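> Could you look at this predicted model? Sequence included:
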Amino acid sequence: MRDSYCSLCEDCPLGRHDFLETVIQMKEFVDQIRDNYWSHCCAAEPEFDVQQFRKSLDWFLKHTECPGCKAGRGLADCPIRKCARERHVEHCYQCAELEQCDKFDVLIGQFPDLKNLLRRRQLKFWAREYHKKQNP
């Protein structure tokens, strides 16, 4: 199971059945095509590299079992992982300082909705914690 402090792993398509099924089907189709099959269609544009595309599909199929950063994957110097470990939180949405946190700036460019996603998860987390206290 993938698990990360920032929660990106929970939404990662790697390992999802429908995503992998699509990659497998695409690979089967591409494996039947000659390398220069489309080159005559787009002579004015750079040639599409079928071999590189095959390698990319193989990459997806080889990396379906990523365990996430909690199990050793990801960037070793990730500021999010470092901060969560220092604060002893399992996920960033558990941190009371999430709103003003700037550790996510490195990810916002690629994942602009990440902070909003974490805020929603934080509200759900706080609600669960509140109900646990009310109903011990």
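Ah, there it is.
> From Arg34, how far off is Glu99?
55 Å (C-beta to C-beta, to the nearest Å). All C-beta atoms are positioned from the backbone trio N, CA, C, and that covers glycine.
> Counting neighbours, what do you get for Gln52?
By the measure other C-beta atoms under 10 Å, the count of residues near Gln52 is 9.
> In this structure, where is pLDDT below threshold?
Within the chain, the segments meeting pLDDT under 70 span 1, 15, 35-48.
> quick one, longest helix in it?
Using DSSP state H, we find that the single longest helix of the chain is helix 114-134.
> Next, the buried residues of that one.
The neighbour-count criterion (16 or more other C-beta atoms under 10 Å) identifies Leu114, Lys115, Leu117, Leu118, Arg121, Gln122 as the buried residues of helix 114-134.
> so the third one sits right up against His91, yeah?
What it means is Leu117. No: using C-beta atoms under 8 Å, Leu117 makes no contact with His91, being 11.3 Å away.
> between those two, what contacts are shared?
Counting by C-beta atoms under 8 Å, 6 or more residues apart in numbering, the shared contacts of Leu117 and His91 are Ser7.
> OK, contacts around Met26?
Counting by C-beta under 8 Å, 6+ apart, Met26 makes contact with Leu57.
> just the CA coordinates of the helix or strand containing it, formatted as CSV?
With elements taken from DSSP states H and E, the one containing Met26 is helix 17-30. Only the C-alpha atoms of helix 17-30 are listed here, as CSV (Å, rounded to 0.1, in the frame of the first residue of the first chain):
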residue,chain,number,x,y,z
HIS,A,17,-6.5,-1.4,-12.2
ASP,A,18,-8.1,0.8,-14.8
PHE,A,19,-4.9,2.7,-15.4
LEU,A,20,-2.8,-0.4,-15.7
GLU,A,21,-5.3,-2.0,-18.0
THR,A,22,-5.1,1.0,-20.3
VAL,A,23,-1.3,0.9,-20.3
ILE,A,24,-1.4,-2.9,-21.1
GLN,A,25,-3.8,-2.3,-24.0
MET,A,26,-1.7,0.6,-25.3
LYS,A,27,1.4,-1.5,-25.1
GLU,A,28,-0.1,-4.4,-27.0
PHE,A,29,-1.3,-2.0,-29.7
VAL,A,30,2.1,-0.1,-30.0
